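In: sequence plus the predicted model coming up.
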Amino acid sequence: MRVTLFKSTAVALGVFYAGLSFAVAPPISEDSLQPLAQEDQHSIASKRISALFTRSHYKHFVLDDQMSQKIFDLYLQALDYNRSVFTAADIANFGAFRNQFDDALQTGDLKNSYAMYNLSTKRRYERYAYALSLLDQPMTFDQADNYEFDRSKSDWAKDNAALNEIWRQRVKYDALNLKLAGKKPAEIKELLTKRYANAIKRLKQDESEDVFQALMNAFARSIDPHTSYLSPRNADRFNSEMNLSLEGIGAVLQADDDFTVVRSLIPGGPADKTKLLRPEDRITGVAQEKGKVIDVIGWRLDDVVDLIKGRKGTKVRLEIQRGKGATHQTQLIELTRDKVRLEDRAAKSQVIKAEGKKIGVIEVPSFYVNLHIDVQKELAKLKAQKIDGLLIDLRNDGGGALTEATELTGLFMKQGPVVQIRDTMGRVAVNEDTDNKSYYDGPMTVLIDRYSASASEIFAAAMNDYGRALIIGENSFGKGTVQQNRALGKIYDFFDNELGHVQYTIAKFYRINGGSTQNKGVQPDISFPSLNDPAEIGESVELNALPWDKIESAQYATLGDFSAVLPKLKNLHEQRIKNDPEFKYAEEDIAWYQAQKSKKYISLNEAERVQTRDEQDAKALQRANERLTRMGKPMVKSLSDIPTDIKFPDGYLKEAANITADLVRLKKS
């Protein structure tokens, strides 16, 4: 843990008292920050990446001035995403580089991008030094004041005075968050002093390959969102993160501005099992089982990962901000570290009684190797229990092996095409099921959500196109592309393994009806209210995502047609959810989020923030007690009193089972 407490007598004396002034100096001098320059291998790697992407990427493009401008904008975004470091004058000075990135990448002369990075380091030092200077000034939270937490589309600050105002708001925001968390004035100053001082010290840890990776990823993401570059060191870090995923809390993390953000959860891992952590949550602090919470805002990702990792059976506590909510409240959750066992990640089945019918449910967490064999076994168990209908739950299934999408589809029909794949040359291959066997022929539905992606979408689309299963839930993610990983090194290189790796798009998926799963995803036959805003999550909102298009349909014969029963199914569903409390909660949450998401500002008035927090806590407690009452459990007086082993009902799964039961009944009639 690279944390050194910056000592100052002012820390012990507090901060919010008028008349007291103690200087909080930066822990290092600005002169100690040495400019970074490209290394020899970066010139070679840049040329190879440029040649590889222009020659072999699925998206045919020309590396010209127009492309240079896109790369410039993305690189600038990487350096100052929230537009709180550079001034408008800095941006104007960079203007000469705007049309030069294409030539620089192809010749390997990257001095301009390094100059931009070095200036961003200098500006960050100035900003954090200014933040430290504010910690000696009295702060009050009883006036009307706001913090613009999302400046990604705002104008650049016109001068240093404007930047100072942005950072005054930020420091006050940081201080108020700690005050609302119960910290005393002296503790607030101590924590913020450490936070800003550590941010300054971490500026010295940047290396040349950090600059190169930022630049190459700006280039990669200007082509499509799934193309990327990993430097040798960061490839090792990525493997470390994946080890954390499989042996720690079961979460894949990424850096986002000053925050560590949960990118995804590993099916069957501790975080997935407890449902306490979700994608998009921001980790603001980490504590061991009995230790103090360590503030990790502004930390490097690998340092945060090191804090969270630990031996199986030990506990870690995470202080998190839930998603991207405008209240920015924090809460503390506790997870027990564990290994993700193969049996935890495997498909599982259960039987739900719905509308007088026995509905078999198979949960598919990912398309792992041999998934279809496990599903065959679960189908045999369900058949032995004489189920009336089947529901395949693909929620939060991000995909996996393409072969398993074909094999899983084949379990529910005898033979036929499953997916079409077009490569960069325009050649189309068709993956088919050819075993002439079907393992389940009864009524069937598939439940998807916004996080169902890739192989999940291939399976759902095939079931939809064949008319084999009714699709229920939310519109899926829309990732319909195939990536390839490739090392940049060659056997005759002097640099050994110092050039890094690239991942780039080489093909695109198409449904058997000819439409792509890319961008649009799979649209359900019966839609549920979406708790995942499609305007913020999904391929369609990713920058430079490849477009939806269509090719010729494959040769196939439909197996069913839901058009006659679909209106009745929808009517039964709508009548049922009118009085369903879980769907009412979902509608309320969606309405609240829609009202909040347009806000770029958060109040710095303590009374307003306390009122908002108390209202949300009261609402959460009311819902919890309503759920407990429906479950026949005793009510609780506070959220902390809710038993940790309580699993509240899954309203969407229950209603999906009800729809499946309706389908069974209507099919018989």
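Out: All right, it came through fine.
In: quick one, what contacts residue 103?
Out: The contact partners of residue 103, by Cβ atoms under 8 Å, 6 or more residues apart in numbering, come to 68, 109. Using the backbone N, CA and C atoms, a C-beta is placed for each residue, glycine as well.
In: right, I mislabeled it, should have said residue 560
Out: 466-468.
In: go again with 6 Å.
Out: By Cβ atoms under 6 Å, 6 or more residues apart in numbering, the residues touching residue 560 are 467-468.
In: quick one, phi/psi of it?
Out: Here is the backbone geometry of residue 560 (degrees, to the nearest 10): phi -170, psi 170.
In: just the pLDDT for it.
Out: On pLDDT, residue 560 comes in at 95.
In: who touches stretch 651-662?
Out: 352, 354-355, 357, 359, 389, 391, 445, 447, 472, 528, 569, 572-573, 582.
In: what's the neighbour count on residue 625?
Out: 16 (other Cβ atoms under 10 Å).
In: tell me the contacts of it?
Out: When contacts are counted by Cβ under 6 Å, 6+ apart, residue 625 touches residue 635.
In: can you tell me the element it falls in?
Out: Element membership for residue 625, per DSSP states H and E: helix 606-630.
In: and that helix, what's buried?
Out: Under the neighbour-count criterion of 16 or more other Cβ atoms under 10 Å, helix 606-630 has 609, 612, 621, 623-625, 627-628 buried.
In: least confident of those residues?
Out: residue 612 (91).
In: from the contacts of stretch 651-662, which ones fall inside strands?
Out: 352, 354, 357, 359, 389, 391, 445, 447, 472 (DSSP state E).
In: chain neighbours aside, what residue packs nearest to residue 265?
Out: In space, residue 265 comes closest to residue 272 once its chain neighbours are excluded; the distance is 4.4 Å by Cβ to Cβ, 6 or more residues apart in numbering.
In: distance-wise, check the one you found relative to residue 288.
Out: 22 Å (Cβ to Cβ, to the nearest Å).
In: what do you get for residue 186?
Out: Taking Cβ to Cβ, one finds residue 186 at 24 Å from residue 288.
In: quick one on the thing from earlier: neighbour count for residue 272 and residue 288, which is higher?
Out: Between residue 272 and residue 288, counted using other Cβ under 10 Å, residue 272 has the larger neighbour count: 22 against 15.
In: give me the residue at the spatial middle of the protein.
Out: When the chain is reduced to its mean C-alpha position, the nearest residue by Cα atoms, centre = their mean turns out to be residue 263, at 3.3 Å.
In: ok, that residue - contacts?
Out: Residues near residue 263 by Cβ under 6 Å, 6+ apart: 252, 254.
In: helix or strand right after the strand or helix carrying it?
Out: For residue 263, the host element (DSSP H and E) is strand 259-265. Downstream of strand 259-265, the next assigned helix or strand under DSSP H and E is helix 270-274.
In: ok, and what's touching that next one?
Out: Identification of contacts with helix 270-274 by Cβ under 6 Å, 6+ apart yields 249-251, 265, 277, 335-336, 338.
In: inside strands: which ones of those?
Out: 251, 265, 335-336.
In: closest one of those to residue 138?
Out: Closest approach to residue 138 among the ones in strands among the contacts of helix 270-274 (Cβ to Cβ): residue 335, at 38.9 Å.
In: on that earlier part again, of all pairs in the ones in strands among the contacts of helix 270-274, which one is the farthest apart?
Out: Maximum pairwise distance in those, criterion Cβ to Cβ, is 15.0 Å, between 265 and 336.
In: of the two, who's got more company?
Out: Shown here are residue 265 and residue 336; by other Cβ under 10 Å, residue 265 has more neighbours (25 against 15).
In: just to revisit the earlier point, which one of the contacts of stretch 651-662 is nearest residue 284?
Out: Of all the contacts of stretch 651-662, the one with the least separation from residue 284 (Cβ to Cβ) is residue 582, at 29.5 Å.
In: got a list of what that closest one touches?
Out: Applying Cβ under 6 Å, 6+ apart to residue 582 gives the contacts residue 651.
In: and it, what's its pLDDT?
Out: Residue 582 is assigned 94 on the pLDDT scale.
In: could you do the one 3 residues further on as well?
Out: Looking at residue 585, its pLDDT is 94.
In: next: residue 162.
Out: 97.
In: where in this protein is pLDDT low?
Out: Low-confidence segments of the chain (pLDDT under 70): 1-23, 234-247, 323-329, 340-344, 491, 494-497.
In: circling back: next one: the following helix or strand past the helix holding residue 625 to chain centre, how far?
Out: Toward the C-terminus, helix 606-630 is succeeded by helix 651-668 as the next helix or strand (DSSP H and E). Counting by Cα atoms, centre = their mean, to the nearest Å, helix 651-668 is centred 31 Å from the centre of its parent chain.
In: next one: stretch 127-134
Out: Relative to the mean C-alpha coordinate of its chain, stretch 127-134 is positioned 31 Å out (Cα atoms, centre = their mean).
In: over to stretch 441-458?
Out: For stretch 441-458, the distance to the chain centre is 20 Å (Cα atoms, centre = their mean).
In: please apply the same query to stretch 295-308.
Out: Put simply, stretch 295-308 sits 17 Å off its chain's centre (Cα atoms, centre = their mean).
In: output it as PDB, restricted to C-alpha atoms.
Out: Taking Å, rounded to 0.1, in the frame of the first residue of the first chain, the C-alpha atoms of stretch 295-308 are listed here in PDB:
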ATOM      1  CA  ASP A 295      -9.800   6.400   1.200                       C
ATOM      2  CA  VAL A 296      -8.900   5.200  -2.400                       C
ATOM      3  CA  ILE A 297     -10.300   8.000  -4.500                       C
ATOM      4  CA  GLY A 298      -7.500   9.000  -6.900                       C
ATOM      5  CA  TRP A 299      -5.500   5.900  -6.400                       C
ATOM      6  CA  ARG A 300      -4.000   3.900  -9.200                       C
ATOM      7  CA  LEU A 301      -6.100   0.800 -10.100                       C
ATOM      8  CA  ASP A 302      -3.400  -1.700  -9.300                       C
ATOM      9  CA  ASP A 303      -3.000  -0.200  -5.800                       C
ATOM     10  CA  VAL A 304      -6.800  -0.600  -5.100                       C
ATOM     11  CA  VAL A 305      -6.700  -4.100  -6.400                       C
ATOM     12  CA  ASP A 306      -3.800  -4.900  -4.000                       C
ATOM     13  CA  LEU A 307      -6.000  -3.700  -1.100                       C
ATOM     14  CA  ILE A 308      -9.000  -5.800  -2.100                       C
END
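In: measure the closest residue to residue 205 other than its chain neighbours to residue 631 for me?
Out: Closest residue to residue 205 apart from its sequence neighbours, by Cβ to Cβ, 6+ apart: residue 300 at 6.9 Å. For residue 300, the distance to residue 631 equals 44 Å [Cβ to Cβ].
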